[in-house]
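**Q** Give me a 3D structure for the following:
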Amino acid sequence: MQTKLIFLLSDFGISDTYVAQMKAAVLRTAPAGTSIVDLTHDIEAGSVIEAAFHLYVSLRTIPAGSVVVAVVDPGVGTDRHGVVCEVDRIFYTGPDNGIFSMLPVEKAWRLPRLPADSCATFHGRDLFAPAGARLLTNPGWVNSLESIDPGILVLLDIRPPEENEEGCHATVAHIDRFGNVVLWLSPADADGLQPSEIRLPAGGIVPVTSARTYGNRPGLLFLAGSQGCMELAVSCGRASSMLGVAAGDRILLKRSSR
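**A** I've put the predicted structure just below:
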């Protein structure tokens, strides 16, 4: 019998029992032998865009038939809806606040609202974790939910890369724990781009060298990272400290003039 997998993502951290309470809610009704995998609980508090990034880069590693419960929900208890989305035979459940913006959603359903006497501030435990467990137990449950057009799901305003005669403008997607600056720029979009300089939001210019690996090379490097995005890195250093950028910043990858 194949092991049932449920993945959790949140901004709850691990200093409180919030994550454990979500897991307990899953295990109350999940099939015997269900394995719970933590994608991350270290999302910056309330950062829906950071959560969207982590869901995007982890999609290709999650097996079909799994369920992902994603809870970064600054609007918990408000008029925002809870949803279930299907992507490549994986169910995702969480708030309709843009968290699923970067996923190629094929089908979507709206979750029923919780009763008025339920907790208004912890839908991760009381709504989304039980929904995730139910999806594992009975995937056909979605047929009893209200089907919605994926096109009406809330989308984040993530600017795509833009090319001009100077080079390529790209948005910073994420700063990882190594200080690498991950960009909303795929290797396919960067094909043939070999920038000589980075123009920063405040106007500063930093030289950059294209590379295949981090290696032991000096200075700022531009390379394809492990998450399916281009990134800026410093061997044994922190590119984020060198550049002083944060997620959402827009930079210019300037083409070499030679």
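**Q** Could you use CA atoms for every contact and neighbour count after this?
**A** Noted.
**Q** Phe178: what's it in contact with?
**A** Contacts for Phe178 (Cα atoms under 8 Å, 6 or more residues apart in numbering) come out as 237-238.
**Q** Revised request: answer the last question for Val245.
**A** 172, 200.
**Q** In which helix or strand does it reside?
**A** Using DSSP states H and E, Val245 is not contained in any helix or strand.
**Q** now the helices for the chain?
**A** For the chain, applying DSSP state H gives helices covering 18-29, 48-58, 123, 129-137, 239-243.
**Q** how near is Ile198 to Gly140?
**A** 50 Å (Cα to Cα, to the nearest Å).
**Q** Asp79: which of the helices of the chain is closest?
**A** Across the helices of the chain, Asp79 has its closest neighbour in helix 123 (12.8 Å, Cα to Cα).
**Q** where in the stretch 1-150 of the chain is pLDDT low?
**A** Within the stretch 1-150 of the chain, the stretches with pLDDT under 70 are 1.
**Q** show me where it has strands.
**A** All strands of the stretch 1-150 of the chain, identified by DSSP state E, counting those that start in this stretch, fall at 5-10, 35-40, 67-71, 82-87, 90-95, 107-110, 146-148.
**Q** related to what we said a few turns ago, may I see the helices of the chain organised as TSV, with mean neighbour count and distance to Gly192 added?
**A** As requested, the helices of the chain are exported to TSV (neighbours: other Cα atoms under 10 Å; distance: least, Cα to Cα, whole Å):
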stretch	mean neighbour count	distance to Gly192
helix 18-29	18	44
helix 48-58	20	23
helix 123	22	46
helix 129-137	24	43
helix 239-243	18	22
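**Q** ok so, going back, looking at the strands of the stretch 1-150 of the chain, which is nearest to Val206?
**A** Using Cα to Cα, the strands of the stretch 1-150 of the chain put strand 35-40 closest to Val206, at 32.1 Å.
**Q** Touching that closest one from outside, list them.
**A** 3-11, 23.
**Q** would JSON lines of those with distance to Phe53 be doable?
**A** Shown next, in JSON lines, are these (distance: Cα to Cα, whole Å):
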{"residue": "Thr3", "distance to Phe53": "27"}
{"residue": "Lys4", "distance to Phe53": "24"}
{"residue": "Leu5", "distance to Phe53": "21"}
{"residue": "Ile6", "distance to Phe53": "19"}
{"residue": "Phe7", "distance to Phe53": "15"}
{"residue": "Leu8", "distance to Phe53": "14"}
{"residue": "Leu9", "distance to Phe53": "11"}
{"residue": "Ser10", "distance to Phe53": "13"}
{"residue": "Asp11", "distance to Phe53": "13"}
{"residue": "Lys23", "distance to Phe53": "23"}
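**Q** That's all I had, so thanks and see you.
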